[in-house]
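Enquirer: predicted model and sequence follow; I will ask about them next.
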Amino acid sequence: MDVNVKCEALVNIAPLMDRNGDPVHAHGGHMLCKDGYYYWFGENRRDRRKVSCYRSMDLVNWEWRKDVLTLDSPVKTIYHRTSLELEPRDAENRGFGTGAVIERPKVLYNELTGRFVMWMHWENGRDYSDARCAIADCGTVDGEYVFRGSFNPVGNMSRDCTLFQDDDGTAYFVSAARENADLIMYRLSPDYLSIEEQVKTLWPGQAREAPALMKRHGVYFLISSACTGWLPNQGAYAWAEQLTGRWSPLMPLGDITTYDSQPAFIVPIAGKDNNQCSYLYVGDRWDPTDYYASSYVFLPLSFPSDREMSLDWVDRTWIDPCKGIVAVECGTGSGLFRMKSVGMELYLASGNHSIDPDEVHNLEVRTLSYTDKQQQWRVDYGRDGAARLRNGEMTVAIGSENSLILVPTLDQEDQFLWLLTETEEGSLTIGSRDGRVLTVAGEKRNGWGCVSLEPKHLHDPRLGGDPQLFQLISVR
Ligand code: GLA
């Protein structure tokens with residue numbers, strides 16, 4: 001790290017607190033740079049849905065400004081054919097509101113009108129069947145936004161979305177259509193308050209979510225995730241020389257879970273002193289078992305060439321507002337891993353929460369949780385490349401009747417040794433000395449399943465995944 005760096009580091013630890021000591025609730029969000037401040041807009045699900053706005057000069061210290069759009073915000077039409085129902089009434093529930101869903105709010109400043117325009121994903125609060133976009137606008141960046149209605153753009157479904165402003169001020173809206181199968185790009189009208197034209201369908205049928213767009217050296221980059229709900233997956237990027245022209249195929253970005261995050265947005269950080277621009281990736285680390293424990297991941301994007309993008313893990317990033325990203329630091333890591341089943345989006349876990357060593361701990365699989373220490377493993381390699389799989393003080397072993405248990409480690413015993421064998425795709429089988437492998441078995445109920453030891457079998461890839469394959473993901 002550069003010793004001359006004076007600024008505070010942006011640290012990837014959860015939770016991120018604002019200056020009042022409250023957790024920052026700004027998920028699926030967007031940042032806008034205005035008058036020396038970064039304004040961060042995002043989803044806030046505390047109580048009823050709203051869009052919260054925070055601001056910062058250094059991207060480290062965040063000041064809560066206002067809940068700029070709530071389900072009680074003023075509503076006023078501008079164009080016909082939009083629904084002004086911000087929160088529908090539920091006839092079956094004595095006319096109470098349904099608590100509409102507002103996701104992925106994005107805000108741009110329109111130079112021509114002097115107004116700030118927000119686009120977002122809107123649902124009725126009962127289900128995800130409306131799949132509409134919605135618009136709100138305001139004369140000040142962090143004032144009270146007026147809801148301008150929701151609609152299906154050009155009649156399309158519209159879910160995960162982003163906004164992008166090109167150098168000439170033209171704005172584009174990109175959203176997931178056709179039950180998330182396609183990403184569709186629309187050019188907005190000069191006032192940003194309606195769609196002028198549907199201009200492009202991106203990667204039809206490839207089911208991309210969480211789009212975010214940027215431009216560097218005249219080349220556009222779009223990053224996105226696959227579609228696995230709150231569970232993280234391998235991110236991807238693509239590039240194009242013209243927004244509405246030919247886009248490259250999707251190429252992997254980050255690791256197999258995008259470092260346990262899903263893209264929210266990319267912030268360009270323009271160095272005033274050095275005329276350089278750096279780009280910061282901001283992702284949501286959704287917690288699938290506890291939404292309120294969701295946090296963020298901040299990582300610098302790097303560009304090996306003008307058409308390549310890469311995202312590496314760092315623990316800390318130093319951002320000098322006058323120079324951009326000036327330094328990064330990556331620690332030695334926790335040395336712990338999560339073991340994700342390729343078959344079922346479930347994670348290997350020690351099944352007993354008791355710390356009493358006399359109690360039998362089974363091996364099971366559970367839905368991802370970032371706080372569940374039972375899902376965090378140490379892999380200790382020993383003789384002949386065989387490894388012990390350790391969870392705290394306990395080690396995976398074969399118990400009676402071939403059950404899989406965790407017991408306190410006895411160093412010399414072979415029953416604790418497992419062979420981790422890598423496949424060509426980078427997944428692993430975890431094998432016992434008699435050639436059988438750990439297999440996610442039994443019914444998967446409420447995000448839980450059991451694990452057994454089975455002979456290796458050929459799995460039909462058309463069934464999706466493989467219950468005998470696992471992926472090791474670093475705990476960060
Ligand atoms: C995906 C989307 C989010 C949200 C969740 C809901 O993660 O990217 O914006 O809609 O699904 O399951």
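Expert: Good, I have the coordinates.
Enquirer: what is the neighbour count of Gly21?
Expert: Residues lying near Gly21 (other Cβ atoms under 10 Å) number 6. C-beta here means a position set from N, CA and C on the backbone, and glycine is covered the same way.
Enquirer: ok, it to the ligand distance?
Expert: Gly21 sits 27 Å away from the ligand, taking Cβ to the nearest ligand atom, to the nearest Å as the criterion.
Enquirer: any idea how far that residue lies from Thr82?
Expert: To Thr82, Gly21 is 39 Å away according to Cβ to Cβ, to the nearest Å.
Enquirer: so Arg462 sits in a helix?
Expert: Yes: Arg462: assigned to a helix according to DSSP: H, G, I helix; E, B strand; the rest coil.
Enquirer: what's around it, how many residues?
Expert: Residues near Arg462, counting by other Cβ under 10 Å, number 5.
Enquirer: the stretch 201-350 of the chain: strands as residue ranges?
Expert: Taking DSSP state E, counting those that start in this stretch, the strands of the stretch 201-350 of the chain run over residues 209-216, 219-225, 235-240, 251-253, 262-270, 277-285, 295-305, 308-311, 316-320, 324-329, 337-341, 347-350.
Enquirer: OK, contacts around Leu301?
Expert: 266, 279-281, 309-311 (Cβ atoms under 8 Å, 6 or more residues apart in numbering).
Enquirer: from those, list the buried ones, please.
Expert: Taking 16 or more other Cβ atoms under 10 Å as the criterion, what is buried in the contacts of Leu301 is 266, 279-281, 309, 311.
Enquirer: and the furthest pair within those?
Expert: Distance extremes for the buried ones among the contacts of Leu301: the farthest pair is Leu280 and Met309 at 12.8 Å, using Cβ to Cβ.
Enquirer: secondary structure element for Ala134, which one?
Expert: strand 132-138 (DSSP states H and E).
Enquirer: tell me which residues are up against that strand.
Expert: Under Cβ under 8 Å, 6+ apart, the answer for strand 132-138 is 68-69, 73, 82-83, 102, 115-123, 144-153, 158, 161, 173, 175, 193.
Enquirer: what's the very next helix or strand once past it packed up against?
Expert: Moving toward the C-terminus from strand 132-138, the next helix or strand (DSSP H and E) is strand 146-151. Contacts defined by 3 or more Cβ pairs under 8 Å, 6 or more residues apart in numbering; DSSP states H and E place strand 146-151 against strand 132-138.
Enquirer: direction included, what does the strand it packs on pair up with?
Expert: Strand 132-138 has the following strand partners under DSSP bridges: strand 115-123 (antiparallel), strand 146-151 (antiparallel).
Enquirer: tell me which of those strands sits nearest to Ala207.
Expert: So among the strands paired with strand 132-138, strand 115-123 is nearest, using Cβ to Cβ, at 15.9 Å.
Enquirer: from the chain's centroid, how far away is the closest one?
Expert: Relative to its chain's centre, strand 115-123 lies at 20 Å (Cα atoms, centre = their mean, to the nearest Å).
Enquirer: before we move on, what about stretch 381-399?
Expert: 32 Å.
Enquirer: now the strands of the stretch 201-350 of the chain as JSON lines including distance to the ligand and mean pLDDT?
Expert: Compiled in JSON lines, the strands of the stretch 201-350 of the chain are given as follows (distance: least, Cβ to the nearest ligand atom, whole Å; pLDDT from 0 to 100):
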{"stretch": "strand 209-216", "distance to the ligand": "4", "mean pLDDT": "98"}
{"stretch": "strand 219-225", "distance to the ligand": "7", "mean pLDDT": "98"}
{"stretch": "strand 235-240", "distance to the ligand": "12", "mean pLDDT": "98"}
{"stretch": "strand 251-253", "distance to the ligand": "16", "mean pLDDT": "98"}
{"stretch": "strand 262-270", "distance to the ligand": "6", "mean pLDDT": "96"}
{"stretch": "strand 277-285", "distance to the ligand": "8", "mean pLDDT": "97"}
{"stretch": "strand 295-305", "distance to the ligand": "14", "mean pLDDT": "97"}
{"stretch": "strand 308-311", "distance to the ligand": "18", "mean pLDDT": "98"}
{"stretch": "strand 316-320", "distance to the ligand": "24", "mean pLDDT": "94"}
{"stretch": "strand 324-329", "distance to the ligand": "26", "mean pLDDT": "92"}
{"stretch": "strand 337-341", "distance to the ligand": "17", "mean pLDDT": "96"}
{"stretch": "strand 347-350", "distance to the ligand": "18", "mean pLDDT": "95"}
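Enquirer: now these as TSV including distance to Ile430?
Expert: Output for the strands of the stretch 201-350 of the chain, formatted as TSV (distance: least, Cβ to Cβ, whole Å):
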stretch	distance to Ile430
strand 209-216	31
strand 219-225	27
strand 235-240	26
strand 251-253	24
strand 262-270	27
strand 277-285	26
strand 295-305	28
strand 308-311	28
strand 316-320	34
strand 324-329	33
strand 337-341	8
strand 347-350	9
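Enquirer: how close does Ala9 sit to the ligand?
Expert: 28 Å.
Enquirer: now that residue: closest residue in space, sequence neighbours ignored.
Expert: Spatial nearest neighbour of Ala9, chain neighbours left out: Arg316 (4.1 Å); criterion: Cβ to Cβ, 6 or more residues apart in numbering.
Enquirer: quick one: contacts for the one you found?
Expert: Arg316 sits next to 9-12, 328-329 when contact means Cβ under 8 Å, 6+ apart.
Enquirer: ok, and the most crowded of those residues?
Expert: Most neighbours among the contacts of Arg316, by other Cβ under 10 Å: Leu10, with 23 neighbours.
Enquirer: can I assume that residue is in contact with Val60?
Expert: Yes: in this structure, Leu10 is within contact of Val60 by Cβ atoms under 8 Å, at 5.2 Å.
Enquirer: common neighbours of the two, please.
Expert: With Cβ under 8 Å, 6+ apart, Leu10 and Val60 have common neighbours Ile319.
Enquirer: what's the local residue count around Leu420?
Expert: Neighbours of Leu420 (other Cβ under 10 Å): 17.
Enquirer: which residues touch it?
Expert: Leu420 touches 379, 387, 428-431, counting by Cβ under 8 Å, 6+ apart.
Enquirer: run the last query once more with 7 Å
Expert: For Leu420, the contacting residues are 387, 428, 430, by Cβ atoms under 7 Å, 6 or more residues apart in numbering.
Enquirer: let's see which of the residues you listed end up in strands.
Expert: Taking DSSP state E, the ones among these that sit in strands are 387, 428, 430.
Enquirer: show me what the residue nearest to the last one when sequence neighbours are not counted is bridged to.
Expert: Closest residue to Ile430 apart from its sequence neighbours, by Cβ to Cβ, 6+ apart: Leu438 at 4.3 Å. Per DSSP bridges, the residues bridged to Leu438 are Leu453.
Enquirer: go on, Leu311?
Expert: With DSSP bridges as the criterion, Leu311 is bridged to Leu301.
Enquirer: one more: Pro23?
Expert: Pro23 has the following beta-bridge partners by DSSP bridges: Met17.
Enquirer: so which of the strands paired with strand 132-138 is the most surrounded?
Expert: Per residue and on average, the most neighbours among the strands paired with strand 132-138 fall to strand 115-123, with a mean of 25 (mean count of other Cβ atoms under 10 Å).
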